[in-house]
Structure formats: C-alpha cells, structure tokens
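> Structure for the following, please:
(one chain, ligands or ions: 3)
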Amino acid sequence: MITAHDFPSAHVADHAGMDMILVGDSLAMVALGMEDTSEVLMEEMLLHCRSVARATKGAFTVGDLPMGTYEISPEQALASAIRMVKEGRVKSIKLEGGKEMAPTISKITSAGIPVLAHVGLTPQRQNALGGFRVQGKSTASALNLLEDAKAVQEAGAYAVLIEAVPAEVAALVTKKLSVPTIGIGAGNGCSGQVLVQVDMMGNFPPGRFLPKFVKQYGNIWTESMRAMQEYKAEVKSRAYPAAEHTYPMSQEVFSEFERQVEGKQEEDRAEAEKRQAAEVPEAFDKLPNVPS
Ligand SMILES: Nc1nc(=O)c2c([nH]1)NC[C@@H]1CN(c3ccc(C(=O)N[C@@H](CCC(=O)O)C(=O)O)cc3)CN21
Ligand SMILES: CC(C)C(=O)C(=O)O
Ligand SMILES: [Mg+2]
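Numbers count the residues shown, from 1 in each chain. Ligands and ions are numbered 1, 2, ... in the order given. Presented below is the predicted three-dimensional model:
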C-alpha cells in the first residue's frame, strides 16, 4: 500500500500494481504545506480523493477521514464516510482510534462502507500523545494496543493499520488477529506495509527530517532540480527552444508576410505625417490666448 494525493501520484502507484492506494491526511503536510494533519478540511480531502480515484483502475482506494469529521458521534462519522465514497469516489475509509471507535466502525460498516482502522501512533491525536511518539513500548501499552486492534476487528474493520510500534509487538498483534495488518514503522511482521509516497520517492529538499521507518527508494527532488536548472540555463542561453521545438513557415510565405509588414509600416508613416500636418493649425487655434 502507498499513499497518493493527486492524479499523477495515483497513476504511477496504480501502474506499478499497488494493491491499495491511501489518500492520507498526510496530504496536509506533504502536498498542502500545512503544519500538521489537523488543519486539512473534508472539502480539501474530497478534491484530492476524486483526482486519485480518476487515475486508479486496479488498486483498492482508501480515504483518510480528516480530524473533526468523525469523532463526535457514529452518525457524524457515517455521514462523513458517505461523503468520502459519494463525492471522493474512494472505495473505503480509514479512521484513527481503538476501542473507543468500535461503535463508529460498526455504524459505518453496517452501511456497507469498508473501514480500515488505524492504531498505535495516531497523528491526529499528536497533541494528546505528546508528539509523534513510538507507541506500545511498555507491557501495559502493548497490551492496550492489542486490545484496541481486537476491538476494531470485532467492530468490523477489514484490516488494521499499525503505526510506529516495536516490531515484536506488531508481529504478535498480527498473529492474534484474523484480519490483515498494515504496518508503517511497525516491522516486517505485519501482513502488509504502507509508506507516504513523497517520502519513499525522495521528493523533498535535502536536510528534511524523516521518521526512522522511511526508506528512500528514489530521489525525485534531485532529478527535478537538475531538470529545472537545465531548463533555466538553456532558456537564458537560447539553446532552448531548438529548431525541433519550433513551428517552421515556408520562406516564400514569410517573405510575402515581411514585405506586407514593411509596406504597411510605410503606409502608416505616411498616414501619420499627413494627419500631423493637418492637425497643426487646428492645435494652434486651440491654444489659449497668450497675453502680449
Ligand atoms: N511526510 C510524512 N510522512 C509520514 O509518515 C507521516 C506524515 N508525513 N504526516 C503524518 C504522520 C506523522 N508521522 C510521523 C512523523 C514523525 C515520526 C517521528 O518523528 N518518529 C520518531 C520517533 C520518536 C520516538 O522515539 O518516539 C523517529 O525518530 O522516527 C513518526 C511518524 C507519520 N505520518
Ligand atoms: C501515514 C499513513 C498511514 C497515513 O495515515 C497518512 O498518510 O495520512
Ligand atoms: Mg493519516
């Protein structure tokens, strides 16, 4: 599974044969330049979901419910999930939370909308978690994570996404569940994996902080910079556009065009001279009387 936030990023993911494409609310940070994911609006998610859906032929699409659109009640969550499917054109939705979200997950799945649950590090709750912290590090916290995973499974989630959890814990949770798990920063014992596409493609300037779990499979930034700088240099040196990038005209037609332009200019000049000559006396008439 990989994230996508627009038509081209979904196009490449789908063509590469990804099983699942997530329109993550990480969109806020990687595509919209926001400080964190809590700022992104339903309307913004819907616009991007639609563009991803248009490019996706084979993969199963998932839309992340943005913060504030599902926490108030199961009814609010179902209404938001329906918008994601109806307007966003995705096939399923994802929401963050464990046992406390069980009634909400039941409500949405009973309406026929598949739900991917998200436990462990839940970035929408970063202010309560004290930042982007690894979860399930203590025995109590690991037990709590397992309870959360079981509860969302029982509520009807078709899979459980586990973020930033020790590998051993995620592997054991995976064993104890009957539905698949999808890990991010949760080791290779999960059923599947997900990454933010911009991160794994290396589409960001050097020096940016990256979570430990990111492996950079590409270097899109470097390639984009090379191309951009080469374009700039060639425009300035006039190496671009070259003959093959221009539309030619027959010499004959152009000569006639040139001749007519020159002829017109001659006519225009003569016309202007005539007009000026005619206007001079009139202009004199309009001058105010100068006291002698
Ligand atoms: N570009 C991007 N990639 C992501 O994976 C991502 C987002 N944005 N935005 C939403 C969340 C936030 N994510 C994050 C962000 C930071 C850490 C992080 O700093 N982790 C520390 C662990 C700190 C600890 O030891 O507790 C690390 O060193 O990796 C983890 C997940 C994952 N998601
Ligand atoms: C990091 C993944 C799991 C996510 O929720 C997102 O991209 O928003
Ligand atoms: Mg998310």
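
> ok, and the closest non-adjacent residue to the residue in the chain that ligand 2 sits nearest to?
In the chain, the residue found nearest to ligand 2 is G24; the distance is 2.1 Å by CB to the nearest ligand atom. For every residue, glycine as well, the C-beta is placed using N, CA and C. With CB to CB, 6 or more residues apart in numbering as the criterion, G24 has its nearest non-adjacent residue at 4.4 Å, and that residue is T3.

> Identify the residues contacting the one you found.
With contact taken as CB atoms under 8 Å, 6 or more residues apart in numbering, T3 is in contact with 9, 21-24, 26-27, 194-198.

> now, which of those lie within helices?
Among those, the ones falling in helices (DSSP state H) are 9, 27, 197-198.

> Would you mind listing what in the stretch 1-150 of the chain touches ligand 1?
Counting by CB under 6 Å from any ligand atom, the residues of the stretch 1-150 of the chain lying close to ligand 1 are 26, 29-30, 37, 121, 123, 132-134.

> could you redo the last one with a cut-off of 8 Å?
24-26, 28-30, 36-37, 121, 123, 126, 131-134 (CB under 8 Å from any ligand atom).

> list the contacts for M42?
Residues near M42 by CB under 8 Å, 6+ apart: 66, 69, 80, 83.

> quick one on the thing from earlier: the residue of the chain closest to ligand 2 is in contact with V196, isn't it?
Yes - because the distance of 6.6 Å satisfies CB atoms under 8 Å, G24 is recorded as touching V196.

> Which one's more surrounded, these two?
G24 (28 against 22; other CB atoms under 10 Å).

> Which pLDDT value belongs to the more buried one?
Predicted confidence (pLDDT) for G24: 98.

> Quick one: residues contacting it.
With CB under 8 Å, 6+ apart, G24 has these contacts: 3, 5, 64, 94, 196.

> Could I get the full set of strands for this protein?
2-3, 20-23, 60-64, 92-96, 115-120, 159-163, 181-184, 192-193 (DSSP state E).

> count of neighbours near Q260?
With other CB under 10 Å as criterion, Q260 counts 10.

> How about V12?
Residues near V12, counting by other CB under 10 Å, number 14.

> Quick one: low-confidence residue ranges for the protein.
280-292 (pLDDT under 70).

> which one's the longest helix in it?
The longest helix of the chain (DSSP H) is helix 251-286.

> Tell me the buried residues in that one?
Using 16 or more other CB atoms under 10 Å as the burial criterion, none of the residues of helix 251-286 qualify.

> And that helix, how far out from the chain middle?
Centre-to-centre, helix 251-286 and its host chain are 56 Å apart (CA atoms, centre = their mean, to the nearest Å).

> Show me what it is packed against.
Helix 251-286 sits against no helix or strand, with contacts defined as 3 or more CB pairs under 8 Å, 6 or more residues apart in numbering; DSSP states H and E.

> Pretty sure G120 sits against P166.
No - in this structure, G120 is not within contact of P166 by CB under 8 Å, at 9.9 Å.

> quick one, which of the two is more surrounded?
G120 (27 against 19).

> how close does the more buried one get to I184?
9 Å (CB to CB, to the nearest Å).

> Can you pull the residues that touch both of the two?
With CB under 8 Å, 6+ apart, G120 and I184 have common neighbours 162-164.

> Just the closest of those to ligand 1, please.
A164 (5.2 Å).

> quick one, what contacts the closest one?
120-121, 132-135, 184-186, 211, 213.

> Now it: closest residue in space that isn't a chain neighbour?
Nearest one to A164, counting by CB to CB, 6+ apart, is L121 at 3.6 Å.

> The one you found reaches F132, doesn't it?
Yes - judged on CB under 8 Å, L121 makes contact with F132 at a distance of 6.3 Å.

> and the stretch 151-292 of the chain, which of its residues are near ligand 1?
Residues of the stretch 151-292 of the chain lying near ligand 1 (CB under 8 Å from any ligand atom): 163-164, 184-185, 195-196, 198-199, 204, 209-214.

> Throw together a ChimeraX command that grabs the buried residues out of the residues you listed.
Entered in ChimeraX, the line below selects the buried ones among these, by 16+ other CB under 10 Å:
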select :163,164,184,185,195,196,198,199,213,214
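
> All good on my end, thank you.
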